[in-house]
Structures are given as structure tokens and as C-alpha cells.
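J.: Following is a predicted model, sequence given first.
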Amino acid sequence: MKWNKIMAIVLVAAVALALYACGNTSKVRNDVFVETLAKEVIEALGKDDESFKAMDKDYIQGYMGLDVNNYDGYAVYKNAIGANIDEFGIFKAKNSDQAKEIKSAVEDYLDMMLAGWMDEYMPLEKPKLTSAKAKIVGNYVMYCILSEDAVKTANETLDNALQG
Amino acid sequence: MNSKKNLFYPMWAMAIILCVVLVLFSLIFVSCSSVQPKVAGGDNNEQTNKADDNTPDQQQDQTNSDDASLQSPTSQSNIQATTRLATTEDAGTEYISKITFLGDSTTYGLKYYEILPEGKNTNQVWTPVSGTLSLFEQSIATIEYPETGEEISIVSAVTRKKPEILLITLGVNGIATMQEDYFISEYIKLVNSVLEASPDTIVILNTMYPVASDYKNIDVISNEKIVQGNLWIEQVAEDTGVKFLNTYETIADSNGTLPANYQNGDGIHLSTEGFNAVLAYIRTHACYTAQ
């Protein structure tokens, strides 16, 4: 009787472990270049290199305040055509701790942008900034200052590209 | 048998030396002829080849830029020697007609309020389609090229038009968030890219205008920051060898703020009267006297 109880507990534990393991099978790739990801996002948004321009390191360090020298990769793109504030960035951290630091720094940048926002210009664009968020996928951090639909598209593109 | 071996020894030695020389020659040739790929940002630990990233427009610009450098220097021999433009005789409307105005919304008003002779059809005002331009985006920003309506980069526009005088009014959209080093370095990059595209263009850096005391964002864009930024702009003019125009002194009131009659009501943009005061100042602080 005693052995039956022990066996039952062991079996339940085994099943629980198996279920837990099954629930965590999805892995995130860690070998995709940020530039490749950025190009996929631009393509998914129906844009090209003419409309979205890559920001240089001076901007990312000098304006955004991100020390990209320590990152595994970075890509920030801003709209250069027409009257909109479209922008997104993807960063690759060396590890999960750094990914959290990058996310926090990006959130500071978004706050700074919002604090400096001038309603005189393009007031209809402001919701893109107020709703902008940074998210972590594996060791990657992405933020988008885009329309609601475009953010969804960008997020799906990133998730699909990083699916293991 | 041994003597036969000895016979082949010098031949093998020569063949090996020849191969080594050939390999060395190939390596030297390859290293000399290979083009360094242009890597712009991106992956620190991931090699990205962006050598072909230049757009046709940019490639055209580079070609034109090379052509421009062959042109003779400006014929204006009576250009003011000092960086800060001093008071001159009224250079008249003819002087104003030689100027292309590049800038943000504080420049866009020249077109919007039809301050210049051709009103809204003027070709002298360069701003983005949005009407606003931030210094921190100068490297990627496009302006609406008045002659064609195309949105092209600032460098492309300068390369095409080669303005006689380019008056730049920029910085108020970045002064709240840009630190001194970054502000100055971006401004220097802009000026140098203009001079590279059109060496004969006389570049004048205008001050930012003050904001009104009741401007709603004065906590973010304060007159203290604007005064500080204007010093940085003058520093850029000195460092790059271009001219500096202190229109701030004619626009600001005794408290260093934008007076009611010079603003359009929002506290930051000039009114028609304000723009006319700026134009009068430009005419009486000409970079050269009319010949």
C-alpha cells in the first residue's frame, strides 16, 4: 500500500514535469542579425530604404543615450519621407540582463521624446508616441513608434523571425 | 640513385620558392585591389556588407560633388572677414533674392505667410513636407525641393541648386534634448556636408529665435537653452569657417523673450511683422556688399 502511494506520487510528478517541459518547448533564436530583422520589418510594413533611413551610431549614442558598443547589434530606422514620425529600433543584447537594461534605456528615450513633443507639429501623430512600448524577445529588444496596425505587423514579423 | 636525387633537389627548391613568390604576389595584389566595405552601424559582432547601400541619388550626389570641387572659388572678394556678420549698408531685396532659406518651422513661415516676393510659390524656402526639421535628424531628413516638389536630402538639394547663399535656421527642435557635444557635432556635420556638396555656397548660420514668456512648452524649450544653443551655433560657424547671423538680437525684447507683435500667437513662431524684422536685419548684416 505504501509502495503504491509512492509510485502514484512519482508518476504524478513525472507527468507534471513532462507537461511543464512541453509548455516550454518554444525556443527563441539567438543567431539572427538585427539588420536582417530590421529589413524584414521594413518589408512587412510595405516600406523601403528610401522611406526608412538607418540612424547612425552618433544618434543612438548621442541622442538616445544607448551605449551600443556593448551590444551584439543595433538598428534604428526613422521615416524620412512625408509627414509622420514612424520609427522603430531593434537591439541585440549579450544576455537577458543586458536586454532588460536596453529595454529600460529605450523606455527612457521614449519618455524623453514624449516630454519634448510639440503639439504644434503633426498632432495626429502623437498617439504613435504615447502608445510606443519596448518589448523583449529572447536577447532582442524592439520598440516601435508606429500606427497600431503597423506595430502589430512589426511584432509579428519579429516573433516569426525569431521562432526556434 | 642518390646522385639522381641531388640532381632534382635544386629544381624542387626553385619550384617551391616560385610558388611562395606567386602566393605572396597574389596576396599583395588582392589586398591592394579589394574595396573596403562600408559598414554603417548594425551588428557589432556580425559582419554586414553595406557597400551597395547608397541610393542612386546619393551616388549621383557624390559624382556631382566631385564635379563641384573643380569649380572656381567664389568671385565675391568683399565678403565680411568676421564670423559674426556686422552691420552693413542695406543690401536691398536683390541680396535677399540670392538667399536660400533652410530650416524648421521657423523658416517655413517665410513661405506660409508669403513674406518673400513669390509668396507661396517661392523657391527660396527649403523645409521638409511636415514643415519641421530637427537637428538630430539632419543626416536623414528630406526637404521638399521647390522646383520639382520631390522630397530629397539636404545634400541632394544643395548639390542640385548650389545656392549662392544658404541661410540655415535650425536647432530649436533639438535644443531641449540634445547635449552640447551632440548638438555641435550634428551641426558641424550638416555644414560640412553642404560645403562639400557646394564649395562656393556662402553658408550663414542664423540664431534660433526666442520664445514668448507664456509659451506653453517653455519648461522644455526655454530661452536660457536657446541663448546657450546660439553660442554653440556661433562656435560651429567659427569652427567650420562660415558666417553667423545674430538675428536673435533684433527679435528678442529686453527680457530676452519673443514679443507679442513678433509672434503668431503660439509663442514660438514668428508673425509677418517678426519675419519682416528678420529680413530687414539680414539686409543690413549682409555677408558681402553689392557689387
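T.: Thanks, I have the structure now.

J.: neighbours around B:E89, how many?
T.: 10 (other CB atoms under 10 Å in any protein chain shown). C-betas here are computed from N, CA, C, even on glycine.

J.: Could you check how many residues crowd around the closest residue to A:V28 other than its chain neighbours?
T.: Among residues not flanking A:V28 along the chain, A:G138 sits closest, at 3.3 Å (CB to CB, 6 or more residues apart in numbering or on different chains). Close neighbours of A:G138, defined as other CB under 10 Å, add up to 17.

J.: Next: B:V172.
T.: Residues lying near B:V172 (other CB under 10 Å) number 27.

J.: isn't it right up against B:K225?
T.: No: contact criterion CB atoms under 8 Å: B:V172 and B:K225 do not qualify, at 9.2 Å.

J.: Quick one: the helices in the chain, in order.
T.: Looking at chain A here, since you left the chain open. For chain A, the helices defined by DSSP state H occupy A:2-23, A:34-44, A:57-58, A:96-115, A:126-130, A:148-161.

J.: my question was about chain B
T.: In chain B, the helices defined using DSSP H lie at B:2-33, B:56-68, B:92-97, B:105-112, B:154-161, B:180-197, B:223-240, B:248-251, B:272-283.

J.: Adding mean neighbour count, write those out as JSON lines.
T.: As requested, those are exported to JSON lines (neighbours: other CB atoms under 10 Å in any protein chain shown):
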{"stretch": "helix B:2-33", "mean neighbour count": "9"}
{"stretch": "helix B:56-68", "mean neighbour count": "14"}
{"stretch": "helix B:92-97", "mean neighbour count": "14"}
{"stretch": "helix B:105-112", "mean neighbour count": "22"}
{"stretch": "helix B:154-161", "mean neighbour count": "23"}
{"stretch": "helix B:180-197", "mean neighbour count": "19"}
{"stretch": "helix B:223-240", "mean neighbour count": "18"}
{"stretch": "helix B:248-251", "mean neighbour count": "17"}
{"stretch": "helix B:272-283", "mean neighbour count": "19"}
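
J.: Quick check: which of those helices is nearest to A:V32?
T.: Evaluated over the helices of chain B, closeness to A:V32 peaks at helix B:56-68, with 27.5 Å, by CB to CB.

J.: about what we covered before: weakest of the helices of chain B in terms of mean pLDDT?
T.: If those are sorted by mean pLDDT, helix B:56-68 sits at the bottom with a mean of 38.

J.: In contact with the residue positioned nearest the centre of chain A, which residues?
T.: Against the mean C-alpha coordinate of chain A, by CA atoms, centre = their mean, the closest residue is A:M142 at 2.1 Å. Shown in contact with A:M142 (CB atoms under 8 Å, 6 or more residues apart in numbering or on different chains): A:L37, A:F88, A:G89, A:I90, A:F91, A:A134, A:K135, A:A154, A:N155, A:L158.

J.: can you list the residues of chain A near chain B?
T.: A:33-35, A:49-50, A:53-60, A:62-63, A:68-69, A:71-76, A:78, A:80-84, A:92, A:112-113, A:115-116, A:118, A:120-122 (CB under 8 Å from any CB of the partner chain).

J.: The closest residue to the residue nearest to the centre of chain A other than its chain neighbours: neighbour count?
T.: For A:M142, ignoring the flanking residues on the chain, the nearest one in space by CB to CB, 6+ apart is A:I90 at 4.8 Å. Neighbour count of A:I90, defined by other CB under 10 Å: 27.

J.: Tell me which residues touch A:I90, please.
T.: Taking CB under 8 Å, 6+ apart, we find A:I90 in contact with A:V34, A:L37, A:A38, A:V41, A:G73, A:Y74, A:A75, A:Y140, A:V141, A:M142, A:L158.

J.: try B:E164
T.: Taking CB under 8 Å, 6+ apart, one finds B:K98, B:I99, B:D200, B:T201, B:I202 in contact with B:E164.

J.: In those residues, find the pair that's most separated.
T.: Across those (CB to CB), the longest gap, 14.5 Å, separates B:I99 and B:D200.

J.: Between those two, which has more neighbouring residues?
T.: Relative neighbour count places B:I99 above the other of B:I99 and B:D200, with 21 against 16, counting by other CB under 10 Å.

J.: Please determine how far that one is located from B:I221.
T.: B:I99 sits 26 Å away from B:I221, going by CB to CB, to the nearest Å.

J.: Do I have it right that A:N95 meets A:G138?
T.: No: under the criterion of CB under 8 Å, A:N95 is not in contact with A:G138, lying 10.3 Å apart.

J.: just to revisit the earlier point, indicate which one of the helices of chain A is closest to B:R160.
T.: helix A:57-58 (26.1 Å).

J.: separation between B:G119 and A:A83?
T.: 22 Å.

J.: Could you do A:Q98 as well?
T.: As for A:Q98, its distance to A:A83 is 36 Å (criterion: CB to CB).

J.: Comparing the two, which residue is more hemmed in?
T.: Neighbour tally, A:Q98 and A:A83, criterion other CB under 10 Å: the higher count belongs to A:Q98, 17 against 14.

J.: who's in contact with that one?
T.: Counting by CB under 8 Å, 6+ apart, the residues that A:Q98 touches are A:N70, A:Y71, A:N139.

J.: Check it and give its pLDDT.
T.: pLDDT recorded at A:Q98 is 97.

J.: Go through the contacts of A:I90 and name the one nearest A:P127.
T.: Among the contacts of A:I90, and counting by CB to CB, the member closest to A:P127 is A:M142, at 18.9 Å.

J.: And the pLDDT at that closest one?
T.: 98.

J.: excluding its backbone neighbours, what's nearest the residue nearest in space to the middle of chain B?
T.: Nearest to the geometric centre of chain B sits B:L190, at 2.5 Å (CA atoms, centre = their mean). Excluding its sequence neighbours, the residue lying closest to B:L190 (CB to CB, 6+ apart) is B:Q138, at 4.7 Å.

J.: Can you get me a residue count around the one you found?
T.: 21.

J.: pLDDT weak spots in chain A?
T.: Flagging of chain A using pLDDT under 70 yields the residue ranges A:1-3, A:11, A:14-26.

J.: cutoff 50 now
T.: Residues of chain A that meet the criterion pLDDT under 50 lie in A:24-25.

J.: sorry, back to before: filter the residues of chain A next to chain B down to the buried ones.
T.: A:33-35, A:53-55, A:58-60, A:62-63, A:68, A:71-76, A:78, A:80-81, A:84, A:92, A:113, A:116, A:118, A:121-122 (16 or more other CB atoms under 10 Å in any protein chain shown).

J.: Tell me which of those residues fall in strands.
T.: A:K53, A:A54, A:G73, A:Y74, A:A75, A:V76, A:K78, A:K92 (DSSP state E).

J.: Now do the same contact list for the last one.
T.: Put plainly, it is A:K92. A:K92 neighbours (CB under 8 Å, 6+ apart): A:V34, A:Y71, A:D72, A:G73, A:Y74, A:N139, A:Y140, A:V141, B:D43.

J.: need these in a markdown table with distance to B:V242, can you?
T.: Below are the contacts of A:K92 laid out as a markdown table (distance: CB to CB, whole Å):
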| residue | distance to B:V242 |
| --- | --- |
| A:V34 | 37 |
| A:Y71 | 36 |
| A:D72 | 40 |
| A:G73 | 37 |
| A:Y74 | 33 |
| A:N139 | 45 |
| A:Y140 | 43 |
| A:V141 | 40 |
| B:D43 | 37 |
